[in-house]
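>>> give me a 3D structure for the following:
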Amino acid sequence: MRDYQRAALISVLLVAGTLLVFSPVADNGFICLDDGKYVTGNSHLRGGFTRENLEWAFTTFHAANWHPITWLSHLADVRLFGLNPAGHHLTSLLVHAANVLLVFLVLGRLTGSRWRSGLAAALFAVHPLHVESVAWISERKDVLSAFFWMSTLVAYTRYARSPGLKRYGLTALVFALGLMAKPMLVTLPFILLLLDWWPLGRALRPAAGERRQGPAAARFPWLPLVLEKVPLFVLAAASCAVTLRAQQEGWMVKSVKSYPIGVRLANALWSYLRYLGKVVYPANLGIPYPHPGASLPVWQAVVALLILLCLTGGAVRTRRQRPSVLVGWLWFLGALVPVIGLVQVADQAMADRYMYLPLLGLLLAVVWSLPAVAVDKRYRAAAIVAGGAVILAVLGTMSRAQVRLWRDDITLFSRTIQVTPENALAHYNLGTGLARQGNAAAAIRHFREALRMRADFAEAHYNLARALEETGEYDEALGQYRDAVRIMPDYPYALNNLGGALSRSGRIAEAVTWYEKALLLTPEDPELLYNLGTVLSRKGDFAAAAARYAQALRIRPDYAAAARALRALRSLSPGAD
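Below is the predicted model of the structure:
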């Protein structure tokens, strides 16, 4: 069999195996955690590729991120599939399958080892830590950015072996597109420097066509390689700045007062160790993993630090015999830096999806070391094939089962609570799922559990209030709305519903005040405008009420309730315009 035939066969097997393992994803639905923000509740996606929506995609900080390429992907899905989740899941799965092929292609081109590249790509394809990235529609940004990460490596490999301005420009362009899908790629220029050392060997000898003359290049052989990547570092720095601003505006970045530096460092060290454990034994996976805060014992952080130092020292000592170990290990450590919690975003300690790209570093370290650990050369190939097949079968079975857990909110978050009982966000999301099914009583229990763990959980106060209203407990609901607004004064949904609760209790003037505060935050919300118009009408301010109804209709011309209210108001008070 010729080389290209072997490559084609491996590619077909990789895609077939990926699709087989992840095929249950087509039966899964949307989940309450972020899918509303990204797809089901996002009005900008319903209008298709209009100029207004394209401008929105490139300028918005919606969902506390700036990732226009990801928004374009969701726009395309809504255009093709509407709100049928199967189509959205299929897109994510196909992108993941493309990533698997790119892993095979990239590693093969970098190292020249086809079978090792195939094994690494297969492990990448079916590892359970990747289920969250593929099965969660909101994490389209994860698989999409990884596609550009791999594509950047393809372009850079071509450039490194035959430098030229056009090839460098293509590398920078693909890298920039990846940053616009998810800023996880900010560490990629550092990874390229690692690959310059091994397997590209550019730090040891000048590549064809490169000039390394001069005393500076002789004394600092890495300097030309670093200077060469300055444009990439500039792109990464710009992405970091934009992302930080977006997450600050979305109230996602936590203050040093909430999470002191020592707490962040301790969690980061322990999380590195936990990630390694989940790579080896990917069981009891959940979403999210609660942050331990100051409760993490100091000894755990110290033990984690010592283990990481020992592993790093071992990788450094074996760098001449097995350079892949050092490169892969530093890839793993470095690629996790943006999400390891030094800049604390939200309240999670770690997340399976963050391992989508860092896992490749560990696979590079392990798979390229396999021949070195085989004792008898006569049985080396057979042992590797047999062992690899068993591991792939086990991982594939675990991933397929994990995919099914993402079927709906109830299944996913019930399982998460089993593996992480003290998980406020899991209880909150399970409560949200139960409320959507109309089970308000069960939802209330889980919202109360979430608040027992986190009394300052504004969203839990808000959704508890909604569930209490459904069960007729209006007085407590009003108090919960007030708590939500007290904790998060710029929470427009809580402000809106607080206005509604006050209106139903007859406090019209106070209701108007809260509606107007909500309107300052979301001035283009037609439902809020309609609600404000209703209370203004009840207050007797017909002109102002008519103006709000008319404004709602300008934003949503098919808003039937607002049109009826405006007609009724004009019939009662002809002077209302």
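>>> and S324, what is it in contact with?
T111, W198, P199, L364, A365, W368, S369 (C-beta atoms under 8 Å, 6 or more residues apart in numbering). For glycine as for every other residue, the C-beta is placed from the backbone atoms N, C-alpha and C.
>>> least confident pick among those?
Lowest pLDDT within the contacts of S324 is found at S369 (89).
>>> looking at the contacts of S324, which one is closest to A57?
L364 (34.3 Å; C-beta to C-beta).
>>> now for this protein, the helix or strand with the poorest mean pLDDT.
Of the helices and strands making up the chain, the lowest-confidence element is helix 215-219, at a mean of 57, by mean pLDDT, DSSP states H and E.
>>> after that one comes which helix or strand?
helix 223-228 (DSSP states H and E).
>>> got the buried residues for that next one?
P224, L225, E228 (16 or more other C-beta atoms under 10 Å).
>>> next one: it to chain centre, how far?
Centroid displacement of helix 223-228 relative to its chain, using C-alpha atoms, centre = their mean, to the nearest Å, is 32 Å.
>>> the helices in the stretch 51-200 of the chain, which residues?
Taking DSSP state H, counting those that start in this stretch, the helices of the stretch 51-200 of the chain run over residues 51-59, 68-81, 85-111, 114-126, 131-135, 140-161, 165-179, 188-197.
>>> biggest separation within the contacts of S324, which pair?
For these, with distances taken as C-beta to C-beta, the pair at the greatest spread is P199 and S369 (13.7 Å).
>>> looking at these two, which has the bigger crowd around it?
P199 (19 against 16; other C-beta atoms under 10 Å).
>>> quick check: phi and psi on Q348?
Main-chain dihedrals, Q348, degrees, to the nearest 10: phi -90, psi 150.
>>> hang on, it packs against G286?
No - contact between Q348 and G286 fails when scored by C-beta atoms under 8 Å: they sit 10.4 Å apart.
>>> next, find the distance separating the residue positioned nearest the centre of the chain from P163.
With distances taken as C-alpha atoms, centre = their mean, E139 lies nearest the centre of the chain, 4.5 Å away. Using C-beta to C-beta, to the nearest Å, E139 is found at 36 Å from P163.
>>> what does G433 give?
54 Å.
>>> these two: which is more packed in?
More crowded of G433 and P163, by other C-beta under 10 Å: G433, with 23 against 17.
>>> which helix or which strand is home to that one?
helix 424-436.
>>> next SSE downstream of that helix?
Heading C-terminal from helix 424-436 (DSSP H and E), you reach helix 440-453.
>>> list the contacts of stretch 459-470.
Here stretch 459-470 makes contact (C-beta under 8 Å, 6+ apart) with 424, 428, 431-432, 435, 440, 443-444, 447-448, 450-451, 454, 474, 476-481, 483-484, 487, 491, 493-494, 497, 501.
>>> please apply the same query to stretch 485-499.
By C-beta under 8 Å, 6+ apart, stretch 485-499 touches 251, 456-459, 461-462, 465-466, 478, 481-482, 484, 511-515, 517-518, 521-522, 525, 527-528, 531-532, 535.
>>> show me the helices in the stretch 451-577 of the chain, by range?
458-470, 474-487, 492-504, 508-521, 526-539, 542-555, 560-572.
>>> now those as JSON lines including mean pLDDT, distance to R2 and mean neighbour count?
Below are these laid out as JSON lines (pLDDT from 0 to 100; distance: least, C-beta to C-beta, whole Å; neighbours: other C-beta atoms under 10 Å):
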{"stretch": "helix 458-470", "mean pLDDT": "96", "distance to R2": "59", "mean neighbour count": "23"}
{"stretch": "helix 474-487", "mean pLDDT": "95", "distance to R2": "66", "mean neighbour count": "19"}
{"stretch": "helix 492-504", "mean pLDDT": "92", "distance to R2": "62", "mean neighbour count": "22"}
{"stretch": "helix 508-521", "mean pLDDT": "91", "distance to R2": "64", "mean neighbour count": "18"}
{"stretch": "helix 526-539", "mean pLDDT": "90", "distance to R2": "63", "mean neighbour count": "22"}
{"stretch": "helix 542-555", "mean pLDDT": "90", "distance to R2": "62", "mean neighbour count": "20"}
{"stretch": "helix 560-572", "mean pLDDT": "85", "distance to R2": "66", "mean neighbour count": "15"}
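>>> could I get those helices as CSV with distance to H291?
CSV is the format used below for the helices of the stretch 451-577 of the chain (distance: least, C-beta to C-beta, whole Å):
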stretch, distance to H291
helix 458-470, 16
helix 474-487, 18
helix 492-504, 24
helix 508-521, 28
helix 526-539, 33
helix 542-555, 39
helix 560-572, 43
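>>> for A172, which of these is the nearest?
Per C-beta to C-beta, nearest to A172 of the helices of the stretch 451-577 of the chain: helix 508-521, 38.3 Å.
>>> next one: that closest one to chain centre, how far?
34 Å.
>>> stretch 61-77 too?
Per C-alpha atoms, centre = their mean, the centroid offset for stretch 61-77 relative to its chain is 12 Å.
>>> what sits against F49?
L75, A76, R79.
>>> on that earlier part again, surely the residue nearest to the centre of the chain meets A351?
No - at 9.4 Å, E139 does not count as touching A351 under the criterion of C-beta under 8 Å.
>>> which residues are in contact with both of these two?
With C-beta under 8 Å, 6+ apart as the test, E139 and A351 both reach E132.
>>> now stretch 273-290: average pLDDT?
Across stretch 273-290, the per-residue pLDDT values average to 95.
>>> then stretch 321-330?
The model assigns stretch 321-330 a mean pLDDT of 96.
>>> may I see the buried residues of it?
Residues R322, P323, S324, V325, L326, V327, G328, W329, L330 are the ones in stretch 321-330 that count as buried (16+ other C-beta under 10 Å).
>>> any chance of TSV for those, columns distance to L94?
Output for the buried residues of stretch 321-330, formatted as TSV (distance: C-beta to C-beta, whole Å):
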residue	distance to L94
R322	35
P323	34
S324	30
V325	33
L326	34
V327	30
G328	27
W329	31
L330	31
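>>> could you single out the nearest of these to L269?
Out of the buried residues of stretch 321-330, the member with the shortest distance to L269 (by C-beta to C-beta) is W329, at 15.4 Å.
>>> which non-adjacent residue is nearest that closest one?
A315 (4.3 Å; C-beta to C-beta, 6 or more residues apart in numbering).
>>> determine the set of other helices and strands touching the helix or strand hosting the one you found.
Taking DSSP H and E as the criterion, A315 maps to helix 298-317. Packing partners of helix 298-317 (3 or more C-beta pairs under 8 Å, 6 or more residues apart in numbering; DSSP states H and E): helix 261-280, helix 323-335.
>>> what's next to that helix, contact-wise?
With C-beta under 8 Å, 6+ apart as the criterion, helix 298-317 contacts L265, A266, L269, W270, Y272, L273, V325, L326, W329, L330, L333, A365.
>>> quick check: mean pLDDT of that helix?
97.
>>> list the buried ones in that helix?
A301, A304, L305, L308, L311, A315.
>>> please export the C-alpha coordinates of it as CSV.
In CSV, the C-alpha atoms belonging to helix 298-317 read as follows (Å, rounded to 0.1, in the frame of the first residue of the first chain):
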residue,chain,number,x,y,z
VAL,A,298,-2.5,24.7,51.6
TRP,A,299,-0.9,21.3,51.6
GLN,A,300,-2.8,20.4,48.4
ALA,A,301,-1.4,23.4,46.6
VAL,A,302,2.1,22.6,47.9
VAL,A,303,1.8,18.9,46.8
ALA,A,304,0.5,20.0,43.4
LEU,A,305,3.4,22.4,43.0
LEU,A,306,6.0,19.8,43.9
ILE,A,307,4.5,17.2,41.5
LEU,A,308,4.4,19.8,38.7
LEU,A,309,8.0,20.8,39.4
CYS,A,310,9.1,17.1,39.4
LEU,A,311,7.3,16.4,36.1
THR,A,312,8.8,19.6,34.5
GLY,A,313,12.3,18.6,35.8
GLY,A,314,11.9,15.1,34.3
ALA,A,315,10.9,16.6,31.0
VAL,A,316,13.9,18.9,31.0
ARG,A,317,16.3,16.0,31.8
